[in-house]
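Chemist: What would the 3D arrangement of this be:
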Amino acid sequence: MSGKRWGAAVAVGALAVGLAVVGTPAQAHGGGGEVRTVGYYTQWSHQDRGIPVRYIVDNGTASRLTHLNYAFGLLDERGGCVSSDPEADYRRLIPAKDSVNGKADQAGQALAGNLNQLRQLKRKYPRLRVYISLGGWIGSAYFSNAALTPQSRAAHVKSCVDLWLKGNLPGAPAGAGKGVFDGIDLDWEWPATEGAPGNVVRPEDKQNFTALLREYRAQLDKQGRADHKRYDLTAFLPANREAMDRGYELREVYRLLTFATVQGYDYHGAWERTANQQSALRVPDGDPTTPKDSGEIVVDAHLDRGAPRDKITLGVPYFGRGWTGLPNQNNGLFQQATGPAPGTYEAGYDDYRILKGLLTSGKYTLHRDDKAGHAWLFNGTTFWNYDDPTELARKGRYIRDRELGGAMIWSLDGDTPQGELIRGLSSGLHRR
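Modeler: Purely as a prediction, here's the structure:
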């Protein structure tokens with residue numbers, strides 16, 4: 001994933017006005033299947049950013065989602081599933097003003113925190129499916145250990161089913177969290193390829209990832225029979241082609257998954273000196289980098305490796321990447337920076353709802369490449385590349401026209417109180 005307390009999920013090796021609401025999540029794309037709108041809500045959104053689950057109700061997002069991924073659950077060194085922040089997950093008492101149902105949590109209730117808010121969200125929107133997402137950029141350190149042997153795989157999956165699906169949360173009544181989650185999303189960044197420094201990486205991760213999915217599928221089916229419901233299995237897959245080939249038996253991976261979310265951002269960022277696009281649909285003219293990256297290139301790479309079109313759920317960013325110290329040439333694009341732009345949460349990164357303020361301040365000028373499909377802000381020295389409602393509508397149309405499975409959002413706390421981004425994306429995904 002990206003830009004968070006967990007660090008940036010960079011590809012390995014490497015305002016607009018709100019738009020009118022059009023269509024509903026149930027409407028079909030050209031191929032006749034449901035268009036997914038998958039949004040990540042993070043464990044730290046409320047405490048660190050002041051964005052409770054209720055925010056996505058009030059700004060119109062929740063009613064447009066088909067799926068919500070709660071990020072993240074962690075793995076311990078032996079590969080067991082754990083909560084990294086029980087206080088945020090299920091202990092913190094949420095006041096009435098931040099609660100989905102408008103009622104304050106009470107001391108002694110079986111389930112509180114974000115998980116109780118997600119339960120309330122599902123009651124309000126019964127068609128919404130909610131998954132626990134495991135891993136993330138710095139949370140992927142021990143996936144290789146979990147996947148290493150038949151015994152470790154079985155133990156890992158059992159621990160995750162027990163914690164997140166059966167809802168046996170440490171320090172809470174047995175089964176307190178049962179029913180919150182409808183599936184598990186694996187965010188291993190990346191099998192057989194180094195992601196965050198210090199991750200355990202093995203060459204056999206490629207085959208072990210497939211075996212891990214099989215173990216998940218078997219245990220999820222077994223638990224589903226006991227619970228008389230279907231549990232889904234999804235995974236976040238990379239944009240980088242070397243990482244795809246080194247770490248995944250992609251054709252079989254897609255067969256085992258309910259669907260996949262595919263990295264559609266972090267193509268470039270302030271870990272490079274050249275100010276560039278981080279999420280363009282197509283490669284801009286004059287891009288000096290090799291290899292080239294764009295949404296179209298990434299989608300085609302997955303298709304070429306056997307991905308079913310309707311299982312590709314293309315990621316879109318609710319954040320921007322920024323550089324500073326640029327010469328005032330070419331509106332900053334492809335110029336050499338002295339470093340990352342100052343950001344609210346990390347250098348070189350900021351949420352759309354914050355970046356929009358740079359434009360409305362009058363200190364930055366908005367630039368757009370309609371051919372490549374990307375937008376950026378520039379003030380003569382600082383450059384921010386981001387997706388605004390216009391670009392998200394463009395991506396929604398691209399997903400619909402290519403009959404892909406839908407869009408995935410990282411992350412929901414980046415939108416404005418008016419829900420400008422979700423309205424833009426929805427207008428493109430659903431036919432007028």
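Chemist: Isn't Lys206 up against Leu250?
Modeler: No: Lys206 lies out of contact with Leu250 (CB atoms under 8 Å); the separation is 10.0 Å. Just so you know, the C-beta spots here come from the backbone N, C-alpha and C atoms, and that holds for glycine as well.
Chemist: Check what pLDDT Gln27 gets.
Modeler: Listed pLDDT for Gln27 reads 34.
Chemist: same question, Arg431
Modeler: At Arg431, the pLDDT value in this model is 73.
Chemist: ok, it - how many residues close by?
Modeler: Look at Arg431: counted by other CB atoms under 10 Å, it has 13 neighbours.
Chemist: Now do the SS call for Gly320.
Modeler: strand (DSSP: H, G, I helix; E, B strand; the rest coil).
Chemist: Which residue, other than its chain neighbours, is closest to it?
Modeler: Tyr386 (3.1 Å; CB to CB, 6 or more residues apart in numbering).
Chemist: Hmm, Phe378 and the one you found touching each other?
Modeler: No: contact criterion CB under 8 Å: Tyr386 and Phe378 do not qualify, at 11.8 Å.
Chemist: of those two, who's got more company?
Modeler: Higher neighbour count among Tyr386 and Phe378: Tyr386, with 30 against 22, using other CB under 10 Å.
Chemist: Contact partners for that one?
Modeler: Counting by CB atoms under 8 Å, 6 or more residues apart in numbering, Tyr386 makes contact with Pro317, Phe319, Gly320, Arg321, Tyr352, Leu355, Ala375, Trp376, Leu377.
Chemist: Where does the last one fall, secondary structure wise?
Modeler: It refers to Leu377. Using DSSP states H and E, Leu377 sits within strand 374-378.
Chemist: The residue nearest to Lys178 when sequence neighbours are not counted and Leu326: what is the separation?
Modeler: In space, Lys178 comes closest to Gly167 once its chain neighbours are excluded; the distance is 3.5 Å by CB to CB, 6+ apart. Taking CB to CB, to the nearest Å as the measure, Gly167 falls 50 Å from Leu326.
Chemist: repeat for Gly373
Modeler: From Gly373 across to Leu326, the span is 22 Å (CB to CB).
Chemist: Next: Arg423.
Modeler: Between Arg423 and Leu326 the computed distance is 32 Å (CB to CB).
Chemist: ditto for Asp293
Modeler: For Asp293, the distance to Leu326 equals 20 Å [CB to CB].
Chemist: got a pLDDT number for the residue nearest to Lys178?
Modeler: Gly167 is given a pLDDT of 98.
Chemist: neighbour-wise, which of Asp293 and Leu326 wins?
Modeler: Between Asp293 and Leu326, counted using other CB under 10 Å, the more crowded position is Asp293 (28 against 24).
Chemist: I figured the more buried one hits Pro284, correct?
Modeler: No: judged on CB under 8 Å, Asp293 makes no contact with Pro284 at a distance of 10.9 Å.
Chemist: which residues of this structure fall in helices?
Modeler: In the chain, the helices defined using DSSP state H lie at 45-49, 53-58, 86, 113-124, 143-146, 150-160, 205-227, 241-247, 250-256, 295-304, 352-360, 389-401, 420-429.
Chemist: and Pro86, how far is that from Leu74?
Modeler: Distance, Pro86 to Leu74, by CB to CB: 11 Å.
Chemist: Tell me if I'm right that Gly136 and Ala71 touch.
Modeler: Yes: counting by CB under 8 Å, Gly136 touches Ala71, with 6.1 Å between them.
Chemist: Any idea how many residues pack against Gly79?
Modeler: For Gly79, the neighbour count with other CB under 10 Å is 23.
Chemist: pLDDT at the closest residue to it other than its chain neighbours, what is it?
Modeler: Once flanking residues are discounted, Gly79 sits nearest to Ala146: 2.9 Å by CB to CB, 6+ apart. We note a pLDDT of 98 for Ala146 in this prediction.
Chemist: got a list of what Ala146 touches?
Modeler: By CB under 8 Å, 6+ apart, the contact list for Ala146 reads Leu75, Arg78, Gly79, Gly80, Ser152, Arg153, His156, Leu212.
Chemist: can you pull the contacts of the second one?
Modeler: What it means is Arg78. So Arg78 contacts Tyr142, Asn145, Ala146, Ser152, Ala155 (CB under 8 Å, 6+ apart).
Chemist: make it 10 Å
Modeler: Shown in contact with Arg78 (CB atoms under 10 Å, 6 or more residues apart in numbering): Tyr142, Asn145, Ala146, Ser152, Ala155, His156, Ser159.
Chemist: roughly how far apart are it and Asn331?
Modeler: The gap separating Arg78 from Asn331 is 51 Å, by CB to CB.
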